[in-house]
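Student: Have a look at this prediction, sequence included:
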Amino acid sequence: MIATQSFIDGNFDRFVEELLEMLRIPSISADSAYADDVRRNAEFIVDKMTEAGADNIQLFETAGHPIVYGEKIIDPKLPTVLVYGHYDVQPPDPLELWTSGPFDPVIKDGNIYARGACDDKGQMYMHLKAFEAMMNAGELPCNVKFMIEGEEEVGSDNLEPFCKEHKELLASDVILVSDTSMISLETPSITTGLRGLSYVEVKVTGPNRDLHSGVYGGAVANPVNILSKMIASLQDENGHITIPGFYDDVVTVSDAERKQMNAAPFSLDDYKSELEIDDVHGEAGYTTLERTTIRPTLDVNGIWGGYIGEGAKTVLPSIAQAKISMRLVPNQDSDTITRLFQEHFESIAPKSVKVEVSPHHGGTPCVTPTDSIEYKAAEAAIEEAFGKTPIPQRSGGSIPIVALFEEVLGIKTVLLGFGLDSDNIHSPNEKYGIANYRKGIETIPLFFKHYTKMKS
C-alpha cells in the first residue's frame with residue numbers, strides 16, 4: 001500500500017491539526033451542561049467522514065447522544081469491516097492538576113495533551129484518516145462501515161437498542177476497535193481480553209439534617225464514619241473481596257498462561273517510579289500484571305459527605321455517598337455481582353443509618369481467541385508496520401460493547417489499540433503520542449489488506 005503510505009506522509013501534519021481541533025470540543029457525555037458540545041463533536045465527525053469519502057452518512061438520534069454512521073461499500077462480495085469508536089470524553093476534574101487546559105490541547109515532548117487525546121478521540125480519528133488515505137490512494141481493499149457513538153463513558157445505554165434496530169445496516173464480518181493500549185512502540189501488543197464492570201453508587205443517611213458535632217457527636221451515627229467502615233470491610237487484609245459469592249464464577253487461569261503473561265516486558269521499579277509510589281498494593285498471591293488483568297477488583301472512585309470547604313466546620317453530616325466500581329473477569333456476570341454487592345452492603349449497615357445502593361452501568365468481561373482470522377490479520381498488520389510480532393495481552397480495562405456486539409450482532413471484535421498505559425486516560429494531563437497516532441494510521445490499512453486476503 002505504497003500510495004496509501006505516501007498520502008499519510010504528505011498529509012500527516014493536517015491530520016494532527018484536525019485532531020487538535022476536535023480535542024477543543026468539550027464533549028463530556030456525563031454532564032448535561034455539555035450536551036450541545038457533544039452534538040457539535042458528532043457533527044464534526046460527520047463533516048470529516050464526508051470529506052474522507054464515506055457514503056450514506058447519518059447522524060442517528062438516540063434517547064441520549066447521537067451516533068454517527070457512515071460506510072463505503074465497494075463490492076458486496078468483499079469482506080466488511082465495521083469500525084467502532086466513541087467521541088465522548090470523561091469529565092476533566094480535578095482541573096487544578098492539569099498543567100494545561102484539558103480542552104486547550106498542547107504538543108509537548110512528542111505528545112498531545114488534552115482530555116480525550118487517547119481515550120478515544122485520537123484513536124478513533126486514526127480510522128477516519130486511514131480510510132481517507134486508502135480512498136485517496138485508490139487502495140481500499142474491502143468494504144468499511146463506521147459507528148461512532150457519544151455515550152461510551154457513561155455506559156453506552158443506547159447502543160444496544162440501536163444495534164438491535166439496525167442489525168441489517170451494521171451487518172459486517174469483523175468489528176475493529178482502537179480503544180485499548182499496547183505495551184510500547186518498541187514492544188507492540190494486541191489486547192486479547194477485557195475485564196467486565198459493575199458500577200454502583202451508595203448513599204448512607206443518618207440524622208435528618210447536619211448536626212453540631214459537639215452537641216450530638218458520640219450519640220448519633222456519623223454517616224461518613226459508618227460509610228468508611230462499611231467500605232473498609234469489603235476487602236480483607238489480603239486484598240480479597242469479602243462479598244459472599246463474589247468469586248463463585250471466576251475462571252481460574254492456568255499456571256502456563258500466568259507464566260506467559262508474566263513474561264511480558266515489565267519493570268516493577270519503573271512502574272513504581274512512574275507513579276511515585278514506594279510499593280504496589282493488591283491481592284496477595286498475584287503479580288502486578290495479574291492483579292490488573294485476570295483478577296477482579298473493587299475500588300472507590302469517589303467519596304464525599306460533610307464539610308469539605310476551606311477552614312473548619314464542626315459538623316456531623318446527615319449524608320455520606322460514594323461511587324464504587326468492580327472490575328470483573330470471565331465468567332462473572334455484571335448483574336449478578338451488582339445484586340450480590342447490594343445485598344451484602346445493605347446487610348452490613350447498622351440500624352442507626354439507612355443505606356441506598358443505586359446501580360449505574362455494567363459490562364461483561366471477554367477473552368478473544370488468538371487463532372482466528374481476525375487476530376491473525378491484526379498480528380500480520382503489526383508485524384508489517386513494526387517489524388515485530390505482537391504479544392497477546394489482556395487488559396485491565398472494560399469495553400462493555402465488545403460482548404454486546406457478539407451477543408446482538410454476532411460479530412467478533414479485534415482490539416487494535418495504540419495507546420499506552422502511561423497516557424493518563426481518565427486522569428489529569430491525558431496524553432497521546434504523536435508517534436502512536438501516526439503508527440496507528442499506518443497500521444490500520446495493513447489490517448484491511450491482510451484481513452481481506454485471509455477472508456478471500
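Tutor: It's in.
Student: care to break this protein down by domain?
Tutor: 2-194+365-455, 196-250+296-363 (automatic domain parsing).
Student: How far does the longest one sit from its chain's centre?
Tutor: Relative to the centre of its chain, domain 2-194+365-455 is centred 11 Å away, using C-alpha atoms, centre = their mean, to the nearest Å.
Student: Next: the last one.
Tutor: For domain 196-250+296-363, the distance from its own C-alpha centre to the chain's C-alpha centre is 24 Å (C-alpha atoms, centre = their mean).
Student: What of stretch 283-296?
Tutor: Mean C-alpha position of stretch 283-296 versus that of the full chain (C-alpha atoms, centre = their mean) differs by 19 Å.
Student: ok, and for that stretch, which residues are buried?
Tutor: For stretch 283-296, burial by neighbour count (16 or more other C-beta atoms under 10 Å) applies to 283, 286-287, 289-296. (Each C-beta comes from the backbone N, C-alpha and C, glycine too.)
Student: same check, this time on stretch 185-198
Tutor: Under 16+ other C-beta under 10 Å, the buried positions of stretch 185-198 are 188-198.
Student: Average pLDDT for that stretch, rounded please.
Tutor: Mean pLDDT, computed over stretch 185-198, is 93.
Student: repeat for stretch 263-272
Tutor: 92.
Student: so what's the nearest residue to Cys163 once chain neighbours are set aside up against?
Tutor: Excluding its sequence neighbours, the residue lying closest to Cys163 (C-beta to C-beta, 6 or more residues apart in numbering) is Val408, at 4.6 Å. Applying C-beta atoms under 8 Å, 6 or more residues apart in numbering to Val408 gives the contacts 160, 163-164, 167.
Student: how does it look with 7 Å?
Tutor: 160, 163-164 (C-beta atoms under 7 Å, 6 or more residues apart in numbering).
Student: before we move on, what about Asp423?
Tutor: Contacts of Asp423 by C-beta under 7 Å, 6+ apart are 118, 430-432.
Student: so which of the residues you listed would you say is closest to Asp210?
Tutor: Asp210 has its nearest neighbour among these in Glu430, at 36.2 Å by C-beta to C-beta.
Student: Break down the chain into its helices, ranges please.
Tutor: 2-23, 35-52, 121-137, 159-165, 167-170, 213-216, 223-232, 255-262, 268-275, 288-291, 334-347, 373-386, 401-404, 434-455 (DSSP state H).
Student: who wins for proximity to Gly101 among those?
Tutor: Of all the helices of the chain, helix 2-23 comes closest under C-beta to C-beta, at 10.4 Å.
Student: What's the mean pLDDT across the closest one?
Tutor: 98.
Student: for that helix, packing partners?
Tutor: In this structure, helix 2-23 packs against helix 35-52, helix 121-137, helix 434-455, with contacts taken as 3 or more C-beta pairs under 7 Å, 6 or more residues apart in numbering; DSSP states H and E.
Student: now could you export just the CA positions of that helix as CSV?
Tutor: C-alpha atoms of helix 2-23 as CSV (Å, rounded to 0.1, in the frame of the first residue of the first chain):
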residue,chain,number,x,y,z
ILE,A,2,2.7,2.4,-1.1
ALA,A,3,0.3,5.1,-2.3
THR,A,4,-1.6,5.0,1.0
GLN,A,5,1.6,5.5,2.9
SER,A,6,2.6,8.3,0.6
PHE,A,7,-0.7,10.1,1.2
ILE,A,8,-0.2,9.7,5.0
ASP,A,9,3.3,11.1,4.7
GLY,A,10,2.1,14.1,2.8
ASN,A,11,-0.9,14.9,5.0
PHE,A,12,0.1,13.9,8.5
ASP,A,13,0.6,17.5,9.7
ARG,A,14,-3.0,18.2,8.7
PHE,A,15,-4.2,15.0,10.4
VAL,A,16,-2.7,16.3,13.7
GLU,A,17,-4.3,19.8,13.3
GLU,A,18,-7.7,18.2,12.7
LEU,A,19,-7.3,16.1,15.8
LEU,A,20,-6.4,19.2,17.8
GLU,A,21,-9.5,20.9,16.5
MET,A,22,-11.7,18.1,17.7
LEU,A,23,-10.0,18.0,21.1
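Student: buried set for that helix?
Tutor: Under the neighbour-count criterion of 16+ other C-beta under 10 Å, helix 2-23 has 4-5, 7-8, 11-12, 15-16, 18-20, 22-23 buried.
Student: Could you single out the nearest of the buried residues of stretch 185-198 to Asn143?
Tutor: Distances from Asn143 to these, taken by C-beta to C-beta, are shortest for Ile190, at 22.9 Å.
Student: So the closest one is in contact with Lys388, correct?
Tutor: No: with contacts counted by C-beta atoms under 7 Å, Ile190 stays clear of Lys388, the gap being 11.8 Å.
Student: my guess is Thr287 meets Asn262, correct?
Tutor: Yes: between Thr287 and Asn262 there is a contact at 5.6 Å, judged by C-beta under 7 Å.
Student: returning to what we had before: would you show me how to pick out the buried ones of the contacts of Val408 in ChimeraX?
Tutor: Command for ChimeraX that selects the buried part of the contacts of Val408, burial taken from 16+ other C-beta under 10 Å:
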select :163
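Student: ok, the contacts of Val408 vs Thr314, which is closest?
Tutor: Proximity to Thr314 was ranked across these by C-beta to C-beta; first place goes to Glu160, at 48.7 Å.
Student: Now do the contacts for the nearest residue to the closest one once chain neighbours are set aside.
Tutor: Among residues not flanking Glu160 along the chain, Leu404 sits closest, at 5.7 Å (C-beta to C-beta, 6+ apart). For Leu404, the contact set (C-beta under 7 Å, 6+ apart) comprises 159-160, 163.
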